[in-house]
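Trainee: This is a predicted model, with the sequence first.
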Amino acid sequence: MIIGIDDTDSNEGMCTTYLGALLLEELQEYGNIETLPILVRLNPTIPYKTRGNAAVALKLKTDCPEKVIAHVTSRIEELARMECEKTNPGAVFIQEKDYERLRPVLMSFLEDAVKEVIEIETAKDLISKLGIASKGYKNGRGLIGALAACGAMLNPEGWDFTFEHLAYRQKERWGTQRSVDKESFFEADRETYPKTWDTVDLTNRLVVCVPHSADPVLFGIRGESPEIVNKAASFIRAEPVERFAVFRTNQGTDMHLLPAQNIAEIRDMHSYRLEGQVSAAPETLEGGHVIFAIRDREGGEIDCAAFEPTKNFRSLIRKLVPGDLVLLSGSVTSGTLNIEKIEIKALAPVYREENPECPVCGKHMKSAGQGQGFRCKKCETHSLSKVRFETERNLEPGLYEVPPCARRHLAKPLAREKRRDIKLHPAR
Ligand code: ATP
């Protein structure tokens, strides 16, 4: 049986992955857990999300599905933050006999949930059309994520995946400041990067895998395999861990990006890979956000932003000039593309002009008056116009990313990039 769950937390606490980790242990009473649990990140622009738009799925071999359903629903009722307006839990249960039949439909539903905006009714209609056992609470929006997580579990090799070791706090500590030895995260990173990533941000000297919110997560280490994330976690010195779970996830895969043919097709609340030429030079706005525009071949234009939290990435963006050819990855909200990665494909030439040199004495000539060119008074030489030199750009073509402290869950870090055709500039 596959169990998908979503939307149990609020800003004040809980986390759907924690419920997943608890159930992983508790459901062993009713059968055998067959494989690693799934943690999927869905469309990052969805306004209903609490934090990272996550949903989870578990897979269990069981002879008593009814008991499993009763246990899962009672735990959701107990633990979900129902009082929060944004918390609308959903759970779906898929029987083994239905795996083949549901695999293609739910795999495609997962793709849509990561890339598109789905109506609650679409999820409810699908559930009733396909005859899936489910339980939705309040408006039932969590059914969307729950179905999508099942899609991922039904086809675990059908998408690019990574792993995360999530360690959880003891309940009595929830909501208090986390007690961790920061240096141990830098050690874990030194021992396991680039097979793990986003544990720390070296440039900004930050530990980035420890949240600051009231949820039960102590830290989460992301990497290429269960072994490597567990190895990295073994270096961590911190307050006691109540439990941990390793999830298979679509984090760090760029699964959310749609290839955009042109700017006209771009819609808010979607994420794209988009090519264009810089058409308006970067400007720094109040608050430190850096904005510029790109134009495509058809003349469409869009604003692109490196917001303040992207820190040092903004100094790279400020070096762009009109005419540079770039390929951007990022999400679009309010008509602005929030940059996650930039491939600088070609640099426009930038010129500086100087007064010509006198061919006799070698000194720079002076203006001979409006529209009269230049002259060297001493040697009585003349020249009609200024001389143009191409200047060095102090910017190299290649692929750049925002620093780990500003990374979106779904964005593929350069640590995972296998491309050889372009220079990679990983942010560390
Ligand atoms: P949690 O830890 O509880 O999962 P979260 O930050 O992941 O917190 P949720 O509380 O799950 O956010 O809220 C996201 C809501 O948006 C869920 O109800 C989910 O079903 C729904 N949702 C996810 N993807 C989409 C989508 N593509 N279109 C519409 N709704 C979506």
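Mentor: That came through fine. Numbering: from 1, shown residues only.

Trainee: Let me know how buried the residue nearest to residue 423 when sequence neighbours are not counted is, in neighbour terms.
Mentor: In this structure, residue 423 finds its nearest non-sequential neighbour in residue 398, 3.6 Å apart by CB to CB, 6 or more residues apart in numbering. Yep, even glycine has a C-beta here, placed from its N, CA and C like the rest. Neighbourhood size, residue 398 [other CB atoms under 10 Å]: 14.

Trainee: Then residue 91?
Mentor: Quick note: residue 91 (other CB under 10 Å) scores 25 neighbours.

Trainee: Quick one: residues contacting it.
Mentor: 3, 4, 5, 72, 73, 76, 134, 135, 136, 142, 146 (CB atoms under 8 Å, 6 or more residues apart in numbering).

Trainee: what's the spacing between the residue nearest to residue 423 and the ligand?
Mentor: Per CB to the nearest ligand atom, to the nearest Å, residue 398 is found 32 Å from the ligand.

Trainee: ok, back up a step: filter the contacts of residue 91 down to just the ones in helices.
Mentor: 72, 73, 76, 142, 146 (DSSP state H).

Trainee: now, among those, which is nearest to residue 232?
Mentor: Lowest distance from residue 232 to these (CB to CB) belongs to residue 146, with 29.6 Å.

Trainee: want to throw the ones in helices among the contacts of residue 91 into a markdown table with distance to residue 171 and neighbour count?
Mentor: A markdown table is the format used below for these (distance: CB to CB, whole Å; neighbours: other CB atoms under 10 Å):
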| residue | distance to residue 171 | neighbour count |
| --- | --- | --- |
| 72 | 20 | 22 |
| 73 | 21 | 16 |
| 76 | 17 | 22 |
| 142 | 23 | 31 |
| 146 | 25 | 30 |
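
Trainee: Of these, which ones also sit close to the ligand?
Mentor: Checking the ones in helices among the contacts of residue 91 against the ligand by CB under 6 Å from any ligand atom, the ones in range are residue 142.

Trainee: send the alpha carbons of the lengthiest helix in the chain over as PDB?
Mentor: For the chain, the helix that runs over the most residues, judged by DSSP H, is helix 99-115. Taking C-alpha atoms only, helix 99-115 is exported to PDB below (Å, rounded to 0.1, in the frame of the first residue of the first chain):
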ATOM      1  CA  TYR A  99      -0.200   0.200  -8.800                       C
ATOM      2  CA  GLU A 100       0.000  -0.600 -12.500                       C
ATOM      3  CA  ARG A 101      -3.300   1.100 -13.400                       C
ATOM      4  CA  LEU A 102      -2.500   4.300 -11.500                       C
ATOM      5  CA  ARG A 103       1.200   4.700 -12.300                       C
ATOM      6  CA  PRO A 104       1.000   6.700 -15.500                       C
ATOM      7  CA  VAL A 105      -1.900   8.900 -14.300                       C
ATOM      8  CA  LEU A 106      -0.300   9.800 -11.000                       C
ATOM      9  CA  MET A 107       3.200  10.200 -12.500                       C
ATOM     10  CA  SER A 108       1.800  12.800 -14.800                       C
ATOM     11  CA  PHE A 109      -0.100  14.400 -11.900                       C
ATOM     12  CA  LEU A 110       3.200  14.700 -10.100                       C
ATOM     13  CA  GLU A 111       4.700  16.500 -13.100                       C
ATOM     14  CA  ASP A 112       1.800  18.900 -13.100                       C
ATOM     15  CA  ALA A 113       1.900  19.500  -9.300                       C
ATOM     16  CA  VAL A 114       5.600  20.500  -9.600                       C
ATOM     17  CA  LYS A 115       5.200  22.700 -12.700                       C
END
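
Trainee: give me the residue from the stretch 201-350 of the chain nearest the ligand.
Mentor: Closest residue of the stretch 201-350 of the chain to the ligand, CB to the nearest ligand atom: residue 215 (7.4 Å).

Trainee: Tell me the secondary structure of that residue, please.
Mentor: Counting by DSSP: H, G, I helix; E, B strand; the rest coil, the backbone at residue 215 sits in coil.

Trainee: How far away from the center of its chain is the longest strand seen in the chain?
Mentor: Ranked by residue count under DSSP state E, the longest strand found in the chain is strand 270-284. With CA atoms, centre = their mean, to the nearest Å as the basis, strand 270-284 stands 18 Å off its chain's centre.

Trainee: buried residues in it?
Mentor: 270, 271, 272, 273, 274, 275, 276, 277, 278, 279, 282 (16 or more other CB atoms under 10 Å).

Trainee: touching the ligand at all, it?
Mentor: No: figure legend: strand 270-284 not in contact with the ligand (CB under 6 Å from any ligand atom); closest approach 9.8 Å.

Trainee: Can you list the strands that that strand pairs with?
Mentor: strand 257-259 (parallel), strand 290-295 (antiparallel), strand 325-333 (antiparallel) (DSSP bridges).

Trainee: show me the contacts for residue 231.
Mentor: 191, 192.
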